[in-house]
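Engineer: only the shape, not the letters, is given here:
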């Protein structure tokens, strides 16, 4: 049995979480909008035949951040108490858009809190020119197991130049490394990148 892989994806609205999920995992997980609400702020996405559940925390907007964070942590804690590790959330991807070039206080608190329960990988989305942003994020979020710049889909510019997707294989590889042993095979089976 390859178990089930549970991945939590957190980040502000518009950082590209759905795009990331659809490009990495089989079955266009985030496209269908058939996520089951787990709490007010968290939806769970599954697809028949894919040993994966994506927990998507709907936009971490700063105005109701504390409420969203508490709901999220309650969900993580209650799952952690269950005897079957298939119910635990195994890894968190904290998505920060490179466009913003900012690490919010909220990101730091969330990473710290989540890291008590699972490895946290910071994904810098819509990555074009790092210019030291990755190092800044790593310094400001020391709990992150890794910080990675990713461009999930090709971007076409006005001058005709196209930037190809990048970093997806690295993200899968790093996530596989930090995945708990009993659920690693499920994660590998669910992804389509590598």
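Structural biologist: That came through fine. None of the values given here were measured: they were computed from a predicted structure. Residues are numbered from 1 along each chain as shown.

Engineer: make sure residue 73 is actually in contact with residue 113.
Structural biologist: Yes: judged on CB atoms under 8 Å, residue 73 makes contact with residue 113 at a distance of 5.8 Å. For glycine as for every other residue, the C-beta is placed from the backbone atoms N, C-alpha and C.

Engineer: shaky segments in the protein?
Structural biologist: By pLDDT under 70, the low-scoring segments of the chain are 1-2, 30-35, 40, 58, 62.

Engineer: which helix or strand contains the residue located most distally from the centre of the chain?
Structural biologist: For the chain, the largest distance from the centre (CA atoms, centre = their mean) belongs to residue 159, which lies 31.8 Å off. Per DSSP states H and E: residue 159 is located in neither a helix nor a strand.

Engineer: what separation is there between the residue most central in space within the chain and residue 70?
Structural biologist: For the chain, residue 93 is the residue whose C-alpha lies nearest the centre (CA atoms, centre = their mean; 2.7 Å). According to CB to CB, to the nearest Å, residue 93 stands 20 Å off from residue 70.

Engineer: can you check residue 79 too?
Structural biologist: When distance is defined by CB to CB, residue 79 is 15 Å away from residue 70.

Engineer: these two: who's more crowded?
Structural biologist: A direct count of neighbours by other CB atoms under 10 Å for residue 79 and residue 70 places residue 79 higher, at 19 against 13.

Engineer: which residues touch that one?
Structural biologist: 6, 87, 88, 89 (CB atoms under 8 Å, 6 or more residues apart in numbering).

Engineer: which residues of this structure fall in helices?
Structural biologist: Counting by DSSP state H, the chain has helices at residues 17-24, 65-80, 105-114, 133-140, 168-178, 181-190.

Engineer: sorry, back to before: and the buried ones among the contacts of residue 79, selectable in PyMOL?
Structural biologist: Filtering those down to the buried ones (16 or more other CB atoms under 10 Å) takes a single PyMOL command:
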select buried, resi 6+88+89
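
Engineer: make a markdown table from the contacts of residue 79 and add distance to residue 49 to it.
Structural biologist: As requested, those are exported to a markdown table (distance: CB to CB, whole Å):
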| residue | distance to residue 49 |
| --- | --- |
| 6 | 16 |
| 87 | 20 |
| 88 | 22 |
| 89 | 21 |
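
Engineer: in strands, which of the contacts of residue 79 appear?
Structural biologist: Counting by DSSP state E, the contacts of residue 79 place residue 6 in strands.
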